[in-house]
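Enquirer: structure, please.
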Amino acid sequence: MILAVLLLLNSTFAANCTSIKTYKEFYKCTLEKHPEFEVAKLKIQEAEAVIDKASQWQNPNLDVKSISGKLAGENIGSTELSLSIPLSQIWTRGAQMDAGRADKKIADIEAQLSLLSVKKQLIKDIFRLRQVNDEIELNSEALGAYDKIKNQFKARLARGPEQEITFNLVELATSDYELKKNHLTTERTEILARIKGIWGAGFDIKKEYLPPPKEKWPELPKEINIGQSFESRKVMAESDKASAEYNLAVRESWPEVSAGPTVERSTEGPVQYTSSGFNLSISVPILSWNGGGRNLAETKAKQSRLLSEYAHRKAQIEREIVIHKYRSAVESLKKSSAREDVRKKHTRIDSLFRQGLASGGLIIEAHRQITEYTESQHEHEVSAIEAYLDIKALTGDENIEELLQ
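Expert: Numbers count the residues shown, from 1 in each chain. All right, here's what the predicted structure looks like:
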């Protein structure tokens, strides 16, 4: 089922990647190009091969024995053919298939987790890249305003005490903003490296490839079912596998049995005759009843059950934390000023400064307030995105693209 979905997504995404016009198309095409996308499909195919292998019957053994000689000048000899069919597989095959199905389930969940991790990182990257670009732009505007203030003071022959203090504050603020800009540039380079690692070094990320600031956030359901979280499902699948391996170890402790027909062709001088019969081979469990294997499998099964219980309790605690984190961040963003309002205030302050209606000290403080306010908005946006993605992981829901609506 998962493999079919992946193949469908693959064909759907590929059709839209020749000409990207929106951030939604960019997200889909980047996801389709990600190597983990192909790896996930291969993991599913590998798991299906494990089931096929477990369901195969063992081939029978064909034994041939030939003896010849002479007695009183007469040729004597015999040729014996024995076909032995392993009967032990009758009671071990079911347990082997159960273990194979558990492996398949684990591989399915791991593939989903792998894709979810890729999606989460990609969504965070494209949102953060837009934020970083905005913050770099604000820093550049602030540095431009500070340069104007410094040039004004430098053009004066003398500066009073207040002007000297303002000039020193501008220099300190300039150094601070240059450090911030350098940090942001480094962060942007790291994000671009991850994305270009998927698309290629020559790929150019355009502004329309990045999502705008979130204005409408997804509503959370009143009841969030954590019983189907990816972690819980994986631990439960591992518990099923451990149980299947224990059953297999028990069955493997039973005697190995092989049986089949036997045909013998004998020669005594001029006389030849054929006889047939039945062969049976049974291992005698004198030295071992596979006690070590059974104990090991039983221990693993107990560990898996304990981990399953722990995963469920952990998910319950995490649920309350991430729900509070998400709702708190979204509520704060709803109460904050819109991005355009902040931009208008920024433009108005610069206009007042150019008209000589605002002092240098006020300009420094105004730019500092706008920058810190924007950074705080971005932090809350990142916090809400991360919390929402964590909630999706707890509910076992891969549909995290609601954040891009």
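
Enquirer: what residue is smack in the middle of this structure?
Expert: When Cα atoms, centre = their mean is applied to the chain, the residue found nearest the centroid is residue 114 (2.3 Å).

Enquirer: remind me which helix or strand it belongs to.
Expert: helix 89-155 (DSSP states H and E).

Enquirer: right, and the helix or strand after that helix?
Expert: Criterion used, DSSP H and E; the element after helix 89-155 is helix 161-199.

Enquirer: sorry, back to before: pretty sure the residue nearest to the centre of the chain contacts residue 36?
Expert: Yes: using Cβ atoms under 8 Å, residue 114 is in contact with residue 36, at 5.3 Å. (Glycine included, C-beta is placed from N, CA and C.)

Enquirer: grab the nearest non-local neighbour of residue 22.
Expert: Taking Cβ to Cβ, 6 or more residues apart in numbering, and ignoring the residues beside it in sequence, residue 22 has residue 208 as its nearest neighbour in space, at 6.5 Å.

Enquirer: SS state for that neighbour?
Expert: State at residue 208, reduced to three classes by DSSP: H, G, I helix; E, B strand; the rest coil: helix.

Enquirer: from residue 322, how far out is the residue at the greatest distance from the centre of the chain?
Expert: The centre of the chain is farthest from one residue, residue 72, which by Cα atoms, centre = their mean lies 80.4 Å away. According to Cβ to Cβ, to the nearest Å, residue 72 and residue 322 sit 95 Å apart.

Enquirer: pretty sure residue 65 is in a strand, no?
Expert: Yes: membership of residue 65 in a strand is supported by three-state DSSP.

Enquirer: Three-state assignment for the closest residue to it other than its chain neighbours, please.
Expert: Of all residues not flanking residue 65 in the chain, residue 80 sits nearest, at 4.4 Å (Cβ to Cβ, 6+ apart). For residue 80, the secondary-structure state derived from three-state DSSP is strand.

Enquirer: what's the spacing between residue 80 and residue 67?
Expert: From residue 80 to residue 67 the distance is 8 Å (Cβ to Cβ).

Enquirer: among the two, which residue is more densely surrounded?
Expert: Comparing residue 80 with residue 67 by other Cβ atoms under 10 Å, the one with more neighbours is residue 80, at 17 against 11.

Enquirer: is that one in a bridge, and if so with what?
Expert: Beta-bridge pairing for residue 80 (DSSP bridges): residue 65, residue 264.

Enquirer: so residue 70 belongs to a strand, correct?
Expert: Yes: assessed by three-state DSSP, residue 70 belongs to a strand.

Enquirer: all strands of the stretch 201-350 of the chain, in order?
Expert: 257-268, 271-282 (DSSP state E, counting those that start in this stretch).

Enquirer: among the ones you listed, which is nearest residue 395?
Expert: Nearest of the strands of the stretch 201-350 of the chain to residue 395, taken as Cβ to Cβ: strand 257-268 at 48.9 Å.

Enquirer: from the contact counts, what lies against that closest one?
Expert: strand 61-71, strand 74-86, strand 271-282 (3 or more Cβ pairs under 8 Å, 6 or more residues apart in numbering; DSSP states H and E).

Enquirer: quick check: residue 87 touching residue 257?
Expert: Yes: between residue 87 and residue 257 there is a contact under Cβ under 8 Å: 4.4 Å.

Enquirer: spatially nearest residue to residue 69 (excluding sequence neighbours)?
Expert: residue 76 (5.6 Å).

Enquirer: residue contacts, the one you found?
Expert: Counting by Cβ atoms under 8 Å, 6 or more residues apart in numbering, residue 76 touches 68, 69, 70, 267, 268, 269.

Enquirer: before I go, just wanted to say thanks for your time.
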